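**Student:** Predicted coordinates and the sequence they were generated for:
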Amino acid sequence: MQFGVFSVSDVTRDPVSGITPSEAERIDAIVKIAVHAEEVGLDVFAVGEHHNPPWFSSSPSTLLAHIAALTERIQLTTATTLITTNDPVRIAEEYAMLQHLARGRMDIMLGRGNTGPVYPWFGQDIRQGLPLALENYNLLHRLWREDVVDWEGHFRTPLQGFTSTPRPLDDVPPFVWHGSIRTPEIAEQAAFYGNGYFANNIFWPKEHYQQLIAFYRERYEHYGHGSAKQAIVGLGGQAYIANNSQDAKKEFRPYFSEAPVYGNGASMEDVERSTPLTVGSPQEVIDKTLTFREWAGDYQRQLFFIDHSGLPLSAVLTQLDLLGEKVVPVLRKELAALRDPETPDAPTHESLIKAKYGDAEPRQPRPNPNRGDNVTGGSPYQDSDEVFQANYPTL
Amino acid sequence: MTGTDQKQFRVVVVNAGVSDPSSTQLLADRLSLRVEAAAQQNGHTVETLHIGLRELLPELPGALASGYLGTKFTAAVEMLASADGVIATTPVYKAGLSGLFSSFFQVLDNDLLIAKPVLLGATAGTTRHALVVDEQMRSMFAFLRAMTAPTSVFAAGEDWQDTALSKRIDRAAQELTVLMESDVERRIRDTSWDSYKHELGSAASIAAGAKNDIDLDSDLMRLATGGTFGTPKA
């Protein structure tokens, strides 16, 4: 079971100090948060992708590559990478590069994003959001698995004899999580490919997520990747922790009350009662988190949302300390005891290498010389299988 | 009517009146009593439930700000989902529906009231507001694809002393009863439910037996599983 934190990269006015951090300050802070997440023993750090203020993370692969250089152990991922408005060729290249630089210590979460106007900024049509997401992933999946791709689709120009570089590290594609909370087609795609399925599990009652998780598990089994219990599920969760309940509520309330998603809406207590939000002591966070498996089944990844709504860096670092010292160790122990022995761990680069090669040496693709323009010549790599030969267009 | 034609109806009254005593509440009560009488006259039994929207006010900010429905809202949604007929009444202010009334229906699932028989009633201080009920209330319920009764009941202050009001109430109550007796909601839903676009996990799709409403045989599902979409780009 992996535990970590995910950030949406919002730059929000701190309602207590009245200060809005600069982008520079927040970017600096997120790096410190990621590094500290490793220091306190968390397993995963995730950051989202946005292309408009007040968010700063327009280039998560660059940010994660930098964090990879400053850390040694923590798994890096996105929450989410936009599979709709990013060209899948660009995603294949950028994240394969990140995978090399992070020495395999990364995976990727794909989503459609939540900002309608982002589509035209990148030349896409929001009315086609879902088909774009589905078709783009179909292509991304092949770009990471086939040295040479011939491809025709609806939304972009065809690819003829195209090789995405660099090839994934050890020729093992990054593990993919599909993030979705209300779109059965995305859950179906995750199940079809045997990929992971992530429900953000913030803001809404559990019923909102339960149905799709069950559907994904059922379809994972249907496609023969393993039993429903073995499907790879990740969940979000939102917490603000202090040593005692009263302090947590007192400290977090001004942030809750002005949070873009909650402000002037339902009371903090009401939202806590019926959504995964916990504002309280470490024990209260543990108790609430333990209920997640009761409705989602045994799952592989738990990401907490703790850095948002203007919380200052010091408060976020304290949250990490409390998670690392008091919450996660207990959750690890309790969940391990409850866990069905059939439930696998979340895939990592090492486990995927093992699954692909057993004890054999992983493939390290070495290019043939002088392939130049990516559309001429024979097999692009010295060891490319003949089945990867391109079918070139007749002009 | 006798024997097998006898039915048990559940009527849910949604009332946005806020004062006490409230003329809107009075109209809602008159309408529901007349619906009960009309149904009972035809041999049916009626259970009437009441949703006083004023009681939902503390949960309205959450519902409006983040789509988060609290416990009272959720209970109201469940009541509406199980209703055979709805009586919806609101005060009219400044030639418009009460904000409480329209906000309540605006945060519900679009498909919660599909083909549901609904009786419309509104009260106001003067007859200058008379068109609101048919121009605004009716169009909102048309958007929600509800089955509104042909007669809506508008009562300005002076109507309460006019016997014509009782006649309109009786006529509207009869119309709602006929819509419930004819089972129009079930029959339309049985034939057309799949052709409306539903949001997964909505209260309406859960009430309609959600688990099986994921259509695996669609173009998008084929695309999700490695298929192609539309015509390839030239």
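**Tutor:** Nice, I can see it. Residues are numbered from 1 along each chain as shown, chains lettered A, B, ... in the order given.

**Student:** what about the residue of the stretch 1-150 of chain A found nearest chain B, helix or strand, and which?
**Tutor:** Among the residues of the stretch 1-150 of chain A, A:Leu134 lies nearest to chain B; the distance is 4.4 Å by C-beta to the nearest C-beta. The C-beta positions use only the backbone N, C-alpha and C, and glycine is treated the same way. If you go by DSSP states H and E, A:Leu134 is part of helix A:129-143.

**Student:** hmm, back to that, my read: the residue of the stretch 1-150 of chain A closest to chain B touches A:Ala190, true?
**Tutor:** No. Counting by C-beta atoms under 8 Å, A:Ala190 is not a contact partner of A:Leu134; they are 11.0 Å apart.

**Student:** When those two are compared, which one has more neighbours?
**Tutor:** The neighbour comparison of A:Leu134 against A:Ala190 (other C-beta atoms under 10 Å in any protein chain shown) goes to A:Ala190, with 28 against 25.

**Student:** where do the strands sit along chain B?
**Tutor:** Using DSSP state E, the strands of chain B run over residues B:8-15, B:45-52, B:85-93, B:96-97, B:117-124, B:147-148, B:153-156.

**Student:** Now mean pLDDT, mean neighbour count and distance to chain A too, for those strands, in TSV please.
**Tutor:** Supplementary listing: the strands of chain B in TSV, determined by pLDDT from 0 to 100; neighbours: other C-beta atoms under 10 Å in any protein chain shown; distance: least, C-beta to the nearest C-beta, whole Å:
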stretch	mean pLDDT	mean neighbour count	distance to chain A
strand B:8-15	98	21	21
strand B:45-52	98	17	19
strand B:85-93	97	26	22
strand B:96-97	96	16	22
strand B:117-124	98	26	26
strand B:147-148	98	22	28
strand B:153-156	96	22	34
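
**Student:** Need the ones you listed in TSV (columns: distance to A:Leu303).
**Tutor:** Below are these laid out as TSV (distance: least, C-beta to C-beta, whole Å):
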stretch	distance to A:Leu303
strand B:8-15	40
strand B:45-52	38
strand B:85-93	42
strand B:96-97	43
strand B:117-124	44
strand B:147-148	45
strand B:153-156	54
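
**Student:** got the contact list for stretch A:310-324?
**Tutor:** Contacts of stretch A:310-324 from elsewhere in the structure, counted by C-beta atoms under 8 Å, 6 or more residues apart in numbering or on different chains, are A:3, A:5, A:12-17, A:20, A:29, A:32-33, A:36-37, A:39-42, A:239-243, A:251, A:255, A:258, A:282, A:304, A:306-307.

**Student:** Please check those and keep the buried ones.
**Tutor:** Of all the contacts of stretch A:310-324 considered here, the ones buried according to neighbour count by 16 or more other C-beta atoms under 10 Å in any protein chain shown are A:3, A:5, A:12, A:14-15, A:29, A:33, A:36-37, A:40-42, A:239-242, A:251, A:255, A:258, A:282, A:304, A:306-307.

**Student:** OK, contacts around residue 39?
**Tutor:** No chain specified, so I'll use chain A. Residues near A:Glu39 by C-beta under 8 Å, 6+ apart: A:Gly324.

**Student:** Oops, wrong one, chain B.
**Tutor:** With the criterion set at C-beta under 8 Å, 6+ apart, B:Ala39 makes contact with B:Phe9, B:Thr45, B:Val46, B:Thr177, B:Met180, B:Glu181.
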